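Undergrad: please find the sequence and the predicted model below.
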Amino acid sequence: MDQKDLQEPKYTERKTEYYKNLKVWPEFCVYDQHIDGLIPTARIDSWEDFHNVVKHYRQDNDEQEFVFRGQQHYKWPLLPTLDRIAKEAIDASLARKQLRNFRLSIRGRVPDNTIFKEDDEELWAIGQHHGLATPLLDWSLSPYVSLFFSFMQEDPETWVDVDEQENTIPNNFSRVIYVLNKTFIADLVEDDEDPFDKKHPKVVEPSKDDHGRLVNQAGLFTFAPYGETLESSLFKALVDSDIDVNDPNELSKYICRIHIPNSQEIRLECLRHLRKMNIHHASLFPDLIGASGYCNELLVEQTLKTKLKSKELSKVVSPIKEEFIKPLNEFVKSINSESRAQELINAIQTNDAIANNLKVQQVKELANVVVEFIDVKAGVDWQVRQSELSRLKNIVRRRLKRDYFPDDLLTEATEDVVNFALIIDSQQGS
């Protein structure tokens, strides 16, 4: 790859929402190797635009077959579970140990002993289904199934950044779909029959599917050579085939990464559409896990609808009524805040370590900062949200450090102040 292509982008000039820096599909680029590796990357402006992507790969590429993989976080690399544990491309010796341990561990746990006669790839596939860390990566022949897996899970509350005003900002800006040229990989010729000494990436399509998931998900796997990632081994094969890997648009014919905007509303809208296509937990996981996931999905959607309706109803207030209600709410709030602040001051002063290292005025300022966060910035359920608790701890820690609080007592004091705030807030029913 040319030196100019390896230069890092000017981060100070790029947009915060990473995907917005990328070219719009079907144009590709290699924008940030720390996020996308050397894989050609593009974006679409809405999940609905994915229909055009599907049309392209289904109708405009009759001679090539492609497989798809959805991933929840835009920064996640293309790594199987075994590589993630080892923090690098897994080597053959470690893979042998993992497979041997799996064979030994399942003795007496499976009703069909013919499983022990399966070849390595079949056994890896069985283990993959049951949570074993393997060198396999899941793919699907169905682009819409991959879209489902990309949006299937909610983003955890911890996936946020905190700005200078202590506001939480979601930092998973996009979900990702990988597209891989299955035909090219299937046409690669293996030089050695030893599964632990492969030269090229391989497509694995297991013959067994006891739970029906592979069939329902149009699923298959890729298997990279040991000591290599799928990305690196594929690039070597492309170079050997005289493919210009320095041209992102040419390289995208073999592997690419497509970013799709992400938010809670986008996710639920996409899943509702896929459900009308009969793509949901219950259809892709034909077992009790699938049924449970399907019910959970419906519940989350209904909960969000209820919240949205409540917001709309709260807006229907006459100007005259609002004129009286707003000052009253602020007055009540100020009384509660003062009461909570004084209780928090009293509680903090019972802690000898804090009382001996802070002046009375510093304790008052600390209590007021904590109460202001609870009343103004934290949500009503802040006590059970890890992201909000983390924000409050950061606020307390910074305030204590500003007042030159001893470093060796800082962590314990921070925890104590937050615990005092939790107790006082729960007692007053806030």
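TA: On my side now, so go ahead.
Undergrad: drop to CA atoms for contacts and neighbour counts, all remaining ones
TA: Noted.
Undergrad: what stretches of the stretch 301-430 of the chain score poorly on pLDDT?
TA: Scanning the stretch 301-430 of the chain for pLDDT under 70 picks out 301-337, 380, 426-430.
Undergrad: where along the stretch 1-150 of the chain do the helices fall?
TA: Along the stretch 1-150 of the chain, counting by DSSP state H, counting those that start in this stretch, helices occupy 3-6, 33-36, 50-59, 81-86, 92-105, 120-129, 143-151.
Undergrad: for the last one, packing partners?
TA: Translated: helix 143-151. For helix 143-151, the contact count by 3 or more CA pairs under 8 Å, 6 or more residues apart in numbering; DSSP states H and E identifies strand 66-71, strand 174-181, helix 264-276 as packing neighbours.
Undergrad: for these, give me JSON lines that also has distance to residue 388, mean neighbour count and mean pLDDT.
TA: JSON lines is the format used below for the helices and strands packed on helix 143-151 (distance: least, CA to CA, whole Å; neighbours: other CA atoms under 10 Å; pLDDT from 0 to 100):
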{"stretch": "strand 66-71", "distance to residue 388": "26", "mean neighbour count": "24", "mean pLDDT": "96"}
{"stretch": "strand 174-181", "distance to residue 388": "23", "mean neighbour count": "23", "mean pLDDT": "97"}
{"stretch": "helix 264-276", "distance to residue 388": "18", "mean neighbour count": "16", "mean pLDDT": "93"}
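Undergrad: let me have these in CSV, adding distance to residue 357 as columns.
TA: Listed next are the helices and strands packed on helix 143-151 as CSV, based on distance: least, CA to CA, whole Å:
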stretch, distance to residue 357
strand 66-71, 49
strand 174-181, 46
helix 264-276, 45
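Undergrad: one step back: so which of the helices of the stretch 1-150 of the chain has the densest surroundings on average?
TA: Highest mean neighbour count among the helices of the stretch 1-150 of the chain (mean count of other CA atoms under 10 Å): helix 143-151, with a mean of 23.
Undergrad: residues contacting it, please?
TA: The contact list for helix 143-151 (CA atoms under 8 Å, 6 or more residues apart in numbering) reads 54, 67-72, 139-140, 175-177, 217, 267, 270-271, 274, 279-280.
Undergrad: let's go with 7 Å and repeat that
TA: Helix 143-151 is contacted from outside by 54, 68-72, 140, 175-177, 217, 267, 271, 279, using CA atoms under 7 Å, 6 or more residues apart in numbering.
Undergrad: now that helix, how far from the centre of its chain.
TA: Remark: helix 143-151 is offset 14 Å from the chain centroid, using CA atoms, centre = their mean, to the nearest Å.
Undergrad: immediately after it, which helix or strand?
TA: Remark: after helix 143-151, the chain's next helix or strand is strand 160-162, criterion DSSP states H and E.
Undergrad: so which of the helices and strands packed on helix 143-151 comes closest to residue 18?
TA: Closest of these to residue 18 is strand 174-181, at 8.0 Å (criterion: CA to CA).
Undergrad: could you pull out the buried residues of the following helix or strand past the closest one?
TA: Scanning forward in sequence from strand 174-181 by DSSP H and E, the next helix or strand is helix 182-186. For helix 182-186, burial by neighbour count (16 or more other CA atoms under 10 Å) applies to 182, 184, 185.
Undergrad: OK, contacts around the residue sitting nearest the centre point of the chain?
TA: Nearest residue to the geometric centre of the chain (CA atoms, centre = their mean): residue 73, 3.5 Å. Residue 73 makes contacts with 172, 174, 175, 176, as judged by CA under 7 Å, 6+ apart.
Undergrad: hmm, 6 Å instead?
TA: If a contact means CA atoms under 6 Å, 6 or more residues apart in numbering, then residue 73 has residue 175 as its contacts.
Undergrad: do residue 394 as well
TA: Per CA under 6 Å, 6+ apart, neighbours of residue 394: none.
Undergrad: now it: how far from residue 248?
TA: Note on residue 394: its distance to residue 248, by CA to CA, to the nearest Å, is 43 Å.
Undergrad: with residue 109 instead?
TA: Residue 109 is 48 Å from residue 248, where distance means CA to CA.
Undergrad: then residue 227?
TA: According to CA to CA, residue 227 and residue 248 sit 25 Å apart.
Undergrad: the two: which has the busier surroundings?
TA: residue 248 (19 against 15; other CA atoms under 10 Å).
Undergrad: quick check, that one in contact with residue 26.
TA: No - using CA atoms under 6 Å, residue 248 is not in contact with residue 26; the gap is 10.9 Å.
Undergrad: count of neighbours near residue 79?
TA: Considering only other CA under 10 Å, residue 79 is surrounded by 18 other residues.
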